[in-house]
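Chemist: Next one to model:
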Amino acid sequence: MPLDLDFVRSQFPALSGEWAFMDNAGGSQTLRRVADRVADYLLTSNVQTGASYAPSRLSLERVSRTRDAFARFMNCDPGEIVEGPNTTILIRFLSEAMTGRLAPGDEIILTNTDHEANIGPWLKHEARGVTVKWWRCNPETFELDLDDLRALMTDRTKLVCVTHASNILGTINPIPEIAAIAHDAGAELMVDAVAYAPHRAIDVKSLGADYYVFSVYKVFGPHHAVMYGRREKLEALDNIYHYFFDKARVPHKLEPGNINYECAWGSIGSIDYVEELGVREGAPAGRAAIEAGFAAIAEQERSVTARLIDFLDSRNSVRVIGRSSAAIEDRVSTVSFTVGTESSKRIVDAVDAAKVGIRFGDFYARRIVEEHGLMPQDGVVRVSMIHYNTLEEVDRLIAALEPAL
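Modeler: Numbers count the residues shown, from 1 in each chain. This next block holds a predicted model:
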C-alpha cells in the first residue's frame, strides 16, 4: 500500500506552512506528539530521578521506558542503550572511554566520506601513539572498496569507523560485510548512522556493529541522540563519569551529567509514530510494525528520489555526487550535485525564492569535499528528502532549479 501522505503530513505541524522542507539531513521537522510529550514531562514529572517520593519514581520510570523504546527500535537490549545530546558528543564520549584500550602502535581506520563527528574524536589518539589509517573512496565513483579495507587491516587494528549512509552521497554502505572484515581481524566496528536512521529500519543484531549511533532530531524528534553498544563492549570501556561509578555500571558511566529527561521522553513519540505507520500497513504492533513502517517510508522516498535524479541526469551541466541509482538498497533520499564549476551557493540562492529549503556546502563532511576539489565552488548542492516530501514538492524544486542550471 502507498504511504498515506495526508496522515503523514498531518502529524508535522510545520508542513502546513508555505515552505517545502528538503534540508532534512540537517534535521527533520518534529512530530506534534513529540512536542506534546516533551511538554508533558516538563509540566508533570520534571524532577531528578533516584529519590523515594512519587514524582521522582515517575521520572525514573519514564526515563527507563526510553531505553525500552530505543531497544525495540534498534533490536537490542535496553541495557545496551546509551543516550546523550547529539551524535557528535556521544562519539566523543566513546572515544574518551576507549582511551584505556588503545595503546601506542594500535591502529584505527577512518574514512574520508564520514561526517567529521566520526573522525575528529579518533584523531586525538594519534598524540598517544595510535596510528590512524585512511580508507579513501574512489575519486571518480565516490565508492568505498571493501578490498581496500581488507588491505588496511592488520593484527594491530583495533577499530574501524564508518558511516552507514553518507550525509552527502546518500550511499548506503554494506555494514554487515564491513563488520565481518573488522571482526575477522579482531577489530571492533563503530558506525555513524545519523544519515541512515530516518530512512530504514535498524537491526543492530543483523548489522554486526559493535557501536551504532544516531541523532533523534534527524528522525522526527527532539535534539537527542542514542548509541547502541554491545553489552560486553560497554562494560570494558573506561568510566567517564564520577569516580565512584563502577566500570560495569552501564550505560550510566557513559552518560556524564545525566541525559536530557524531557528529550528522552519526547523521543518515544518518534518510535511510536513509525510503529503506527507499520500498523496502518497491516503489521502487528512491535518490531514487525517498525519494520513495516520503514518499508513504507523507503518506498515513498524512492519515488521522490527517482523523480529528482531523473531530472538531474537529464542535464548535461549537472553531476550527481555519488550513485545515480534511486534503488532502496543503494541509497537514501539525500542527493548532492554540482553544476559545472558554478557556485553551489548561487544555485541554492535561486531556489530560496521559491520557498524550497535546500542547502549548499560541505555539511561537516569536509574531507571528501576538500579532497575532491569542490570547496572553491562552495561545496555541493544538497537536497535531502524524507518520507513526508511529495512528488509535487519535487516538481516545485525542479521548476525553481531549471532556470538556475
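
Chemist: mind listing what the residue nearest to the spatial centre of the chain touches?
Modeler: Nearest to the mean C-alpha position of the chain, counting by Cα atoms, centre = their mean, stands Val194 at 0.9 Å. If a contact means Cβ atoms under 8 Å, 6 or more residues apart in numbering, then Val194 has 87, 115, 117, 163, 167, 213-215, 218 as its contacts. To be clear about C-beta, it is placed using only N, CA and C from the backbone, and glycine gets the same treatment.

Chemist: Looking at the residues you listed, which are in strands?
Modeler: Residues of the contacts of Val194 located in strands (DSSP state E): 163, 213-215.

Chemist: Highest neighbour count among these?
Modeler: Neighbour count (other Cβ atoms under 10 Å) singles out Val213 as the most crowded of these, with 29 neighbours.

Chemist: ok, that residue to Thr157 distance?
Modeler: As judged by Cβ to Cβ, to the nearest Å, Val213 and Thr157 stand 20 Å apart.

Chemist: what about the strands in the stretch 1-150 of the chain?
Modeler: Here the stretch 1-150 of the chain has its strands, by DSSP state E, counting those that start in this stretch, at 20-21, 81-84, 107-111, 131-135.

Chemist: Deepest-packed of those strands, please.
Modeler: Counting by mean count of other Cβ atoms under 10 Å, strand 81-84 has the highest mean neighbour count of those, with a mean of 25.

Chemist: From the rest of the structure, what touches that strand?
Modeler: Outside strand 81-84, the residues within contact range by Cβ under 8 Å, 6+ apart are 66-67, 70-71, 74, 90, 93, 224-229, 234, 250-251, 254-255, 259, 264.

Chemist: let's see it at 7 Å
Modeler: For strand 81-84, contacts defined as Cβ atoms under 7 Å, 6 or more residues apart in numbering pick out 66-67, 70-71, 90, 93, 224-229, 251, 254-255, 259, 264.

Chemist: If any of these are buried, put those into a ChimeraX selection.
Modeler: Buried members of the contacts of strand 81-84, defined by 16 or more other Cβ atoms under 10 Å, are picked up in ChimeraX with:
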select :66,67,70,71,90,93,224,225,226,227,228,229,251,254,255,259,264
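
Chemist: quick check: domain ranges of the chain?
Modeler: As assigned by automatic domain parsing, the chain contains the domains 5-31+289-404, 34-270.

Chemist: how far is the last one from where the chain is centred?
Modeler: So that's domain 34-270. Here domain 34-270 is found 10 Å from its chain centre; the criterion is Cα atoms, centre = their mean, to the nearest Å.

Chemist: next one: stretch 279-296
Modeler: Distance, stretch centre to chain centre, for stretch 279-296: 21 Å (Cα atoms, centre = their mean).

Chemist: CA atoms of that stretch as PDB?
Modeler: Taking Å, rounded to 0.1, in the frame of the first residue of the first chain, the C-alpha atoms of stretch 279-296 are listed here in PDB:
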ATOM      1  CA  VAL A 279       0.300  -0.900  11.900                       C
ATOM      2  CA  ARG A 280      -1.600   1.200   9.300                       C
ATOM      3  CA  GLU A 281       0.200  -1.000   6.700                       C
ATOM      4  CA  GLY A 282      -1.300  -4.100   8.400                       C
ATOM      5  CA  ALA A 283       1.600  -5.300  10.600                       C
ATOM      6  CA  PRO A 284       1.200  -6.300  14.200                       C
ATOM      7  CA  ALA A 285       2.400  -3.800  16.800                       C
ATOM      8  CA  GLY A 286       6.000  -4.000  17.900                       C
ATOM      9  CA  ARG A 287       9.200  -4.700  16.000                       C
ATOM     10  CA  ALA A 288       7.200  -6.000  13.000                       C
ATOM     11  CA  ALA A 289       5.300  -2.700  12.700                       C
ATOM     12  CA  ILE A 290       8.600  -0.700  12.900                       C
ATOM     13  CA  GLU A 291      10.000  -2.700  10.000                       C
ATOM     14  CA  ALA A 292       6.800  -2.300   8.000                       C
ATOM     15  CA  GLY A 293       6.700   1.400   8.700                       C
ATOM     16  CA  PHE A 294      10.200   1.900   7.400                       C
ATOM     17  CA  ALA A 295       9.400  -0.300   4.400                       C
ATOM     18  CA  ALA A 296       6.600   2.200   3.500                       C
END
